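Asks: A predicted structure for the sequence below; I have some questions about it.
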Amino acid sequence: MSDATSDPAATGGEYERQPVPERARLGFRSFIGMYAGEHTAGTELMIGPLFVLAGVSAFDVVAGLLIGNVLAVLSWLLLTAPIATRVRLTLYYHLERIAGRHTVILYNLANGIAFCFLAGAMITVSATALGVWFGFELPTLSDIAPNSVGWVLSVLAIGLVITLVAAWGYRFVSWFANLAAPWMVLVFIGFGVVSLKWFVDATGTTLDSPGALWTLAETAIWTGVQVPGQPAFTIWHVIFFAWFANMAMHVGMSDLSVLRFARKSWYGVASAAGMYVGHFVAWLAASMMFAFQMYDAGLTSEAAMVAAADAGTIPAPLPGPLADQALGVAGLLCVIIAGWTTANPTIYRAGLAFQAIMPQLSRFRVTIGTGLLTTMVAMFPGVAMQMLGFVALYGLLLMPIGAIIVIDYWLLPRLGLKSFYAEYAGRRLTLPVLVTWLVTLGICLALVQFAGIEIFFVALPGWFIAAVLYIGLSIMTQKRSAPARDPVRRKEGTS
């Protein structure tokens, strides 16, 4: 399936519509840095505190994160990386070959917009650090819209810088992440150490044994007291949130666009650098900093929490002030740079999604426009304040497509059916993909709305619902319709 845009020189050197050639593939270190930088990020300073607001206990948060992050790494390693290093296409062009261009336009639009909201939350996080530096009013826990001119200007400045970095392409994004990641990791560890010292000084605890540390964690840090109006978390919530916080990237297959540059499929294990440095150490450290803010305000009992909620005096989990209190200028710089390293690859992915809709435009120009849209989203702090729910909804939106890609590549040929059926049959729209995606989303949202199942728990059964639907609809479609033509298939990359 030859394409005029298959020349990488015409598409910014990013191979948007052809397999990544061997000369352009990257080594393991590039992915270690990218995953560590992307997932040890400013948003960790938002997510960690939300566990405290949700009243999670010490055992539930520690054990839940250990288990959930293992499942996330295995998802990258066993689901995403093997397909990425065999086909070596972006998610969007891969899906176009399966579903047809008309079907995939809708998906790319939804995917790109979701990425913009996610990256916008990351810019919001960085802007809270500038708020401390320049002294303008910062948003509160209940603010949805921007509340000061200083806030708007700081978001605009950070958004423009991040957009320019992302527009230069994946190699520049990877270089930037590798440069910043080691220092950020040390700062996040510093957040944890400093906040632990705060608790020791405030409670008079002597940490002379692991048991003393665990008692402090249970009684002062993760006490299990929930803030009214916030979701109540158990160990199962933590496991599924840690596993599916990046569901769009692994189960949803968005990281096909990133891992297509990997020389070997086992490079998917590099995601552990992000999961255990970022989604374990950083979440716990951020959680501890905010927990001390709650402890210092006397919010250690259910009655005190209810009274503070009624009075509107629950502290806002703003990364800038928390980082400044812990490590001063180093903490503020970490918040700013951590937002950059996470938003960069996210805007890059969003740019690829929109560029797949408008292939006549260069990826550079589309990414610039995407970054400007993301910056507008970032001006609304309500997106970041609802991070737990948004991440779950975002992953759910893209999950059925991940199931379709896995089934299409591995299972359909074993059933005597054609993979990449839209390309094979010359179709611009294929109902199996479109119907599977929309029906699966409808079933999952109905389970949330009418059966009372929390959104964190519907994605796993939803993946299998999508798989079964796609198999059944593919059998019906391919057995009933003879292909219009049998084009020469593009030779795919090898692992």
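Replies: Yep, it's here.
Asks: now for residue 350, how many residues are close by?
Replies: Residue 350 has 29 neighbours, counted by other Cβ atoms under 10 Å. (Glycine included, C-beta is placed from N, CA and C.)
Asks: what residues are up against it?
Replies: Contact partners of residue 350, counting by Cβ atoms under 8 Å, 6 or more residues apart in numbering, are 111, 112, 115, 116, 119, 367, 370, 374.
Asks: now the host helix or strand of it, how far from the centre of its chain.
Replies: Under the criterion of DSSP states H and E, residue 350 resides in helix 319-357. The chain centre lies 12 Å from the centre of helix 319-357; the measure is Cα atoms, centre = their mean, to the nearest Å.
Asks: residue numbering should commence at 28 henceforth.
Replies: Happy to do that; since the first residue is 28 now, the last one works out to helix 346-384.
Asks: could the contacts of residue 377 go into JSON lines alongside distance to residue 180 and neighbour count?
Replies: Output for those, formatted as JSON lines (distance: Cβ to Cβ, whole Å; neighbours: other Cβ atoms under 10 Å):
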{"residue": "138", "distance to residue 180": "30", "neighbour count": "27"}
{"residue": "139", "distance to residue 180": "26", "neighbour count": "24"}
{"residue": "142", "distance to residue 180": "24", "neighbour count": "27"}
{"residue": "143", "distance to residue 180": "20", "neighbour count": "26"}
{"residue": "146", "distance to residue 180": "19", "neighbour count": "32"}
{"residue": "394", "distance to residue 180": "23", "neighbour count": "27"}
{"residue": "397", "distance to residue 180": "21", "neighbour count": "29"}
{"residue": "401", "distance to residue 180": "16", "neighbour count": "30"}
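Asks: greatest separation within these: which pair is it?
Replies: Across those, no pair lies farther apart than 138 and 394, at 14.5 Å, counting by Cβ to Cβ.
Asks: just the CA trace of the helix-or-strand element of the chain with minimal mean pLDDT, in PDB.
Replies: When each helix and strand of the chain is scored by mean pLDDT, DSSP states H and E, helix 409-412 comes last, with a mean of 77. In PDB, the C-alpha atoms belonging to helix 409-412 read as follows (Å, rounded to 0.1, in the frame of the first residue of the first chain):
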ATOM      1  CA  GLY A 409     -10.400  21.700  37.200                       C
ATOM      2  CA  VAL A 410      -9.000  19.100  34.800                       C
ATOM      3  CA  ALA A 411      -6.000  18.400  37.000                       C
ATOM      4  CA  MET A 412      -8.100  18.500  40.200                       C
END
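Asks: which helices and strands sit right next to that helix?
Replies: For helix 409-412, the packing partners by 3 or more Cβ pairs under 8 Å, 6 or more residues apart in numbering; DSSP states H and E come out as helix 128-161.
Asks: who are the contact partners of the closest residue to residue 362 other than its chain neighbours?
Replies: With sequence-adjacent residues excluded and distances taken as Cβ to Cβ, 6 or more residues apart in numbering, residue 362 is closest to residue 156, at 4.0 Å. By Cβ under 8 Å, 6+ apart, the contact set of residue 156 is 346, 347, 350, 351, 359, 360, 362, 363.
Asks: roughly how far does the first one sit from residue 412?
Replies: This points to residue 346. In this view, residue 346 and residue 412 are 12 Å apart by Cβ to Cβ, to the nearest Å.
Asks: quick check: which ranges of this structure have low pLDDT?
Replies: The chain contains residues with pLDDT under 70 at 28-40, 69, 168, 196-201, 203-205, 508-522.
Asks: what is the burial count for residue 339?
Replies: 9.
Asks: for residue 192, which non-adjacent residue is closest in space?
Replies: Using Cβ to Cβ, 6+ apart and skipping residues adjacent in sequence, the residue nearest residue 192 is residue 371, 5.1 Å away.
Asks: right, and the one you found touches residue 193 too?
Replies: Yes: contact criterion Cβ atoms under 8 Å: residue 371 and residue 193 qualify, at 4.9 Å.
Asks: burial check on residue 293, number of neighbours?
Replies: Neighbours of residue 293 (other Cβ under 10 Å): 14.
Asks: correct me, but it touches residue 108?
Replies: Yes: contact criterion Cβ under 8 Å: residue 293 and residue 108 qualify, at 7.2 Å.
Asks: ok, for residue 295, nearest residue in space, not its chain neighbours?
Replies: Of all residues not flanking residue 295 in the chain, residue 108 sits nearest, at 3.1 Å (Cβ to Cβ, 6+ apart).
Asks: spit out the contact partners of that neighbour.
Replies: Contacts for residue 108 (Cβ under 8 Å, 6+ apart) come out as 286, 289, 292, 293, 294, 295.
Asks: and the spatially most central residue of the chain, which of the three is it?
Replies: Centroid check for the chain by Cα atoms, centre = their mean gives residue 273 as the closest residue, at 4.3 Å. Secondary structure, DSSP: H, G, I helix; E, B strand; the rest coil: residue 273 is coil.
Asks: count of neighbours near the closest residue to it other than its chain neighbours?
Replies: The shortest distance from residue 273 to any non-neighbouring residue, by Cβ to Cβ, 6+ apart, is to residue 99 (6.2 Å). The tally of other residues near residue 99 (other Cβ under 10 Å) stands at 26.
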